[in-house]
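**Student:** Got a predicted structure here, sequence first:
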Amino acid sequence: MTSREHEFSEMALPQASSLLRFARRLTSDPAAAEDLVQETLMRAWRGFDQFRGGSNARAWLFRILLNTFYGQGRKGRLTLVPLGETDKAGAHSNNAAFEITDALAKLPVDQRTVLMLGVVEGFTCREMSEMLHIPMGTVMSRLSRARQAMRLQLEPTLKDGAGSRAYSHKES
């Protein structure tokens, strides 16, 4: 393995599981998500000489994934797939997880994107703004609308007490 290949492996491969998790929520299709991550890593490898050492490698990879995702949509190959029966069957053991996944899948893709990047992947609003090439105010607005939509969709579940344990903070 060359030093360049080793450097790429050290930087990119540890992010593969996060990229796949994000891609699955973005596409709602496991096979499409795997293809998206594979294409992302291929593009990252091809453009690795343009990567500046010392910059945020994780943000760079997520930006490539998002550009690839939106590029596929422009070419007409992107299809957002709603949760299937197999997803629902696997979630029966944890109803709260299913409710959250279902509510997330119902969000518009722009809101789901910022919610996943911010809440799940831990990017700051500034990092998301740079990744998505949109103003930070737009990121904050989308994040706020996404959180509000999630609250509205999950409110009946919380009132019924289903999954209330999943939403509570540390127990005393």
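**Tutor:** Structure received. Residues are numbered from 1 along each chain as shown.
**Student:** contacts and neighbour counts: CA atoms only from here.
**Tutor:** Will do.
**Student:** For the spatially most central residue of the chain, which non-adjacent residue is closest in space?
**Tutor:** In the chain, the residue lying closest to the centroid (C-alpha atoms, centre = their mean) is Phe22, at 2.8 Å. Spatial nearest neighbour of Phe22, chain neighbours left out: Met116 (6.8 Å); criterion: C-alpha to C-alpha, 6 or more residues apart in numbering.
**Student:** And for Arg43?
**Tutor:** Ile64 (7.4 Å).
**Student:** Tell me the secondary structure of that neighbour, please.
**Tutor:** Per DSSP: H, G, I helix; E, B strand; the rest coil, the local secondary structure of Ile64 is helix.
**Student:** residues in contact with it?
**Tutor:** Taking C-alpha atoms under 8 Å, 6 or more residues apart in numbering as the criterion, Ile64 is in contact with 40, 43-44.
**Student:** these two touch, right, the residue nearest to Phe22 and Arg21?
**Tutor:** No - Met116 is beyond contact range of Arg21, at 9.4 Å (criterion: C-alpha atoms under 8 Å).
**Student:** thinking again about what came up before, give the buried residues for the strand or helix carrying the residue nearest to the centre of the chain.
**Tutor:** Assessed by DSSP states H and E, Phe22 sits inside helix 16-27. Using 16 or more other C-alpha atoms under 10 Å as the test for burial, helix 16-27 gives 16, 18-27.
**Student:** same thing with stretch 50-59?
**Tutor:** Buried residues in stretch 50-59, counted by 16+ other C-alpha under 10 Å: 58-59.
**Student:** roughly how far is it from the heart of the chain?
**Tutor:** 19 Å (C-alpha atoms, centre = their mean, to the nearest Å).
**Student:** try stretch 54-62
**Tutor:** The chain centre lies 15 Å from the centre of stretch 54-62; the measure is C-alpha atoms, centre = their mean.
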